[in-house]
Structure formats: structure tokens, C-alpha cells
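A.B. asks: Sequence unavailable; structure follows:
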């Protein structure tokens with residue numbers, strides 16, 4: 001079993017972009033990676049790995065104002081909020097074929113399952129949608145009455161499987 005943990009802290013100052021020191025987009029304080037590989041036979045192996053990262057920073061609106069009958073988000077300090085923590089569990093089974101007739105070539109096939117517990121890890125949050133009284137989502141440009149902006153997140157795909165075949169040259 002292999003385990004990695006890292007803690008990082010960084011601040012950035014770019015006066016042409018933002019007049020104050022701020023947390024950069026790539027500031028992810030806690031990163032944990034656990035991985036284990038189990039050789040079932042000399043040619044068959046199983047692999048499990050789990051990843052955890054602190055949520056990435058993003059800039060959240062602190063209020064809203066009206067312009068030409070449109071409700072517009074107003075943003076405060078840069079990267080003052082964080083997305084939810086990111087974590088996933090992956091599993092794979094790999095089979096190494098017998099050596100082919102061609103010298104120095106190895107080939108294997110792997111079946112992998114990504115994000116086994118189907119966690120929806122947000123990578124982006126947007127405040128560009130509103131919810132109407134009947135529960136539908138609209139963009140603010142298509143609806144001018146007073147509404148409540150709804151944070152909507154985009155996440156990576158849920159659970160999915162992959163089948164791969166690899167040919168490798170070995171010296």
C-alpha cells in the first residue's frame with residue numbers, strides 16, 4: 001500500500017489583475033492519495049486507489065444589483081469561498097498476457113471502474129440561473145422579474161467503466 005499526503009498554502013499578488021493579495025485558483029491545501037496493488041496471480045492484479053482533495057477556491061457573489069431590469073451578481077474578494085471537498089474511489093483489474101512472439105513486447109488488458117461510489121465532485125459553480133415559481137430554471141436574460149439566483153454546480157461524470165488494451169515495448 002502506498003499513501004501520500006501533502007499540505008500546501010499559497011497566496012498570490014498580481015497588482016494588474018487584483019489590487020489585494022489573494023488565494024490562487026490552484027491552492028488546494030489538503031491532498032491525500034491511498035493506493036494498493038494486489039497480485040492475485042503472476043499475471044492478474046487488482047488495484048484500488050482513493051483520492052481526497054480540499055475543494056478548489058472560487059469567487060462567490062456577495063450581493064446583487066439591478067441594471068436595465070436585470071439582476072446582476074456582485075462579487076467581493078477574489079477566491080473567498082471553496083467548492084465542496086473532492087474525493088473518489090477507483091478500482092481496476094489488469095491481466096498481463098503471455099509474452100508474444102515479437103521480442104521485447106508486452107501487452108495487457110485492464111478493466112477499470114472510476115468513481116465507484118458515484119460522488120458528484122463539483123469543479124465549477126455558476127450563479128447565472130434563476131428559479132421560477134414553478135421550479136424551472138431560466139437564464140436572467142430571459143426573465144426580468146425579481147427572482148432568486150440559484151448556485152448551480154458542474155461536476156465530473158459519475159461512475160463509469162473503462163476497458164483498455166496496452167502494448168508496451170520493453171528493452
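C.D. replies: Received the coordinates, thanks. All values derive from a computational prediction rather than experimental measurement.

A.B. asks: Other residues contacting stretch 34-44?
C.D. replies: Surrounding stretch 34-44, the residues in contact under the criterion C-beta atoms under 8 Å, 6 or more residues apart in numbering are 1-4, 45-50, 93-98. Any C-beta I mention is one placed from the backbone N, CA and C, and that applies to glycine too.

A.B. asks: how about that stretch: buried residues?
C.D. replies: Neighbour-count burial for stretch 34-44, counted by 16 or more other C-beta atoms under 10 Å, picks out no residue.

A.B. asks: Okay, and which of the contacts of stretch 34-44 map to strands?
C.D. replies: Among those, the ones falling in strands (DSSP state E) are 2-4, 45-50, 93-96.

A.B. asks: Closest one of these to residue 120?
C.D. replies: Distance to residue 120 across these (C-beta to C-beta) is lowest for residue 50, with 16.6 Å.

A.B. asks: Could you pick out the one among the contacts of stretch 34-44 with the lowest pLDDT?
C.D. replies: Among those, residue 98 carries the weakest pLDDT, at 85.

A.B. asks: Need the phi and psi values for that one.
C.D. replies: phi -60, psi 160 (degrees, to the nearest 10).

A.B. asks: same deal with the one 5 residues further on?
C.D. replies: Phi and psi for residue 103, reported as degrees, to the nearest 10, are phi -70, psi 140.

A.B. asks: how much space between it and residue 170?
C.D. replies: According to C-beta to C-beta, to the nearest Å, residue 103 and residue 170 sit 9 Å apart.

A.B. asks: PyMOL command for the buried members of the ones in strands among the contacts of stretch 34-44?
C.D. replies: Here is the PyMOL selection string for the buried members of those, based on 16+ other C-beta under 10 Å:
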select buried, resi 45+50+94+96
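
A.B. asks: Closest to residue 74 out of the ones in strands among the contacts of stretch 34-44?
C.D. replies: Checking these against residue 74 by C-beta to C-beta gives residue 50 as the nearest, at 39.0 Å.

A.B. asks: and that closest one, bridged to which residues?
C.D. replies: Residue 50 forms beta bridges with residue 34, residue 89, as assigned by DSSP bridges.

A.B. asks: list the contacts for it?
C.D. replies: Under the criterion of C-beta under 8 Å, 6+ apart, the neighbours of residue 50 are 32-35, 87-90.
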